[in-house]
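A.B. asks: Give me a 3D structure for the following:
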Amino acid sequence: MVDYNTVMSPRHVVVDGSNIATEGHNLPSLAQLDQAVREFLAENPDDVVTVVVDASFGHRIDPSELKTFEEAEAAAEVVSPPAGAIGRGDAFLLRIAEKTGATVLSNDSFQEFHGEHEWLFEKGRLIGGKPVPGVGWIFTPRTPVRGPKSREAVKEAKRRRRGAEVAEGVTGLDLAASRGGRGKRVERAIATATVEATGSS
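C.D. replies: Below is the predicted model:
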C-alpha cells in the first residue's frame, strides 16, 4: 500500500548561503544568493528551503546590501549561527540538515565533516549550483569530493567510535578513576580539602 503522506511530503533543502553567494567571486553577493534561491524555487516549487549564512556574512557583503540583509535576517528569511559558534557556520548548517533529513545546496564538499556526517554521500543529499551567463543558474546533484581533510576526519571519527565502544558499559566514575590518577599532588589536594571541610587540623 502506498503511503501518500510520504510520497507527497515536500523535500527540505538547506542552502549554504555563504557558499552560493560567493560562487565565482571573492566576496559574497546577497543579490546573487537571492537570484539563486529564486531560480531554485522556480524549478522546485514544492521544496521547503532554509537559507543559512555564516556569522561574518553581513560584514563581508557590499555595504549597499546590508540593510536588505538585516531585514531578511530579522524576518528569518536567512539564518546564521549563534554568536560564538565555532567554525564558519558549516557545522551549524550541517546539523540543521542532519536533524531535518534535508538536502544541502552547496558547492562545498565539507571535507572536515565527512567522518561526522556520512549521510552527505547518500544519493540526493547534495546539490551544486552555478550561474551560467545567458542561461541562469544550473543545479545538479553532486557527490562530495574526498581529500586529505576528508580522510583525516574519517579516521578521527573512527577513533572516537572505537573509544566509545570500549567505554560502553563503563561508568563515568570508572573513567574518571582510570584517567585522573591519584598522584601526590591530587592526594595533597584531597587531604587539604578534607581538612577544610571537617575543620580538623
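
A.B. asks: Name the nearest residue to residue 136, sequence neighbours excluded.
C.D. replies: Spatially, and ignoring its direct neighbours in sequence, residue 136 is nearest to residue 39 (5.6 Å; Cβ to Cβ, 6 or more residues apart in numbering). C-beta: built from backbone N, CA, C; applies to glycine.

A.B. asks: May I have the secondary structure class of that neighbour?
C.D. replies: Here residue 39 takes the helix state, with states given by DSSP: H, G, I helix; E, B strand; the rest coil.

A.B. asks: Same check on the one 10 residues further on?
C.D. replies: Residue 49 falls in the strand class when you classify it by three-state DSSP.

A.B. asks: And the pLDDT for the residue nearest to residue 136?
C.D. replies: Note for residue 39: predicted pLDDT of 97.

A.B. asks: Touching, it and residue 138? I think so.
C.D. replies: No. Between residue 39 and residue 138 there is no contact, the gap being 9.2 Å when judged by Cβ atoms under 8 Å.

A.B. asks: For residue 62, grab the count of nearby residues.
C.D. replies: Using other Cβ atoms under 10 Å, residue 62 has 12 other residues around it.

A.B. asks: go on, residue 30?
C.D. replies: Residues near residue 30, counting by other Cβ under 10 Å, number 21.

A.B. asks: which ones are touching the spatially closest residue to it that is not a sequence neighbour?
C.D. replies: Leaving aside its sequence neighbours, residue 30 sits nearest to residue 65 (Cβ to Cβ, 6+ apart; 4.1 Å). By Cβ atoms under 8 Å, 6 or more residues apart in numbering, residue 65 lies in contact with 29-31.

A.B. asks: mind checking the SS state of residue 65?
C.D. replies: Assigned by three-state DSSP, the conformation of residue 65 is helix.

A.B. asks: what about it, distance to residue 36?
C.D. replies: The gap separating residue 65 from residue 36 is 15 Å, by Cβ to Cβ, to the nearest Å.

A.B. asks: now do residue 75
C.D. replies: According to Cβ to Cβ, residue 75 and residue 36 sit 18 Å apart.

A.B. asks: more crowded one of those two?
C.D. replies: When residue 75 and residue 36 are compared for neighbours, residue 36 comes out ahead with 24 against 8, by other Cβ under 10 Å.

A.B. asks: if I look at the more buried one, how far off is residue 192?
C.D. replies: 63 Å.

A.B. asks: cool, residue 125 as well?
C.D. replies: Taking Cβ to Cβ, one finds residue 125 at 55 Å from residue 192.

A.B. asks: For the chain, which segments count as strands?
C.D. replies: Secondary structure of the chain (DSSP state E): strands at 12-16, 48-52, 78-79, 103-105, 126-132, 136-141.

A.B. asks: Dump these to TSV, plus mean pLDDT.
C.D. replies: Listed next are the strands of the chain as TSV, based on pLDDT from 0 to 100:
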stretch	mean pLDDT
strand 12-16	97
strand 48-52	96
strand 78-79	94
strand 103-105	97
strand 126-132	96
strand 136-141	97
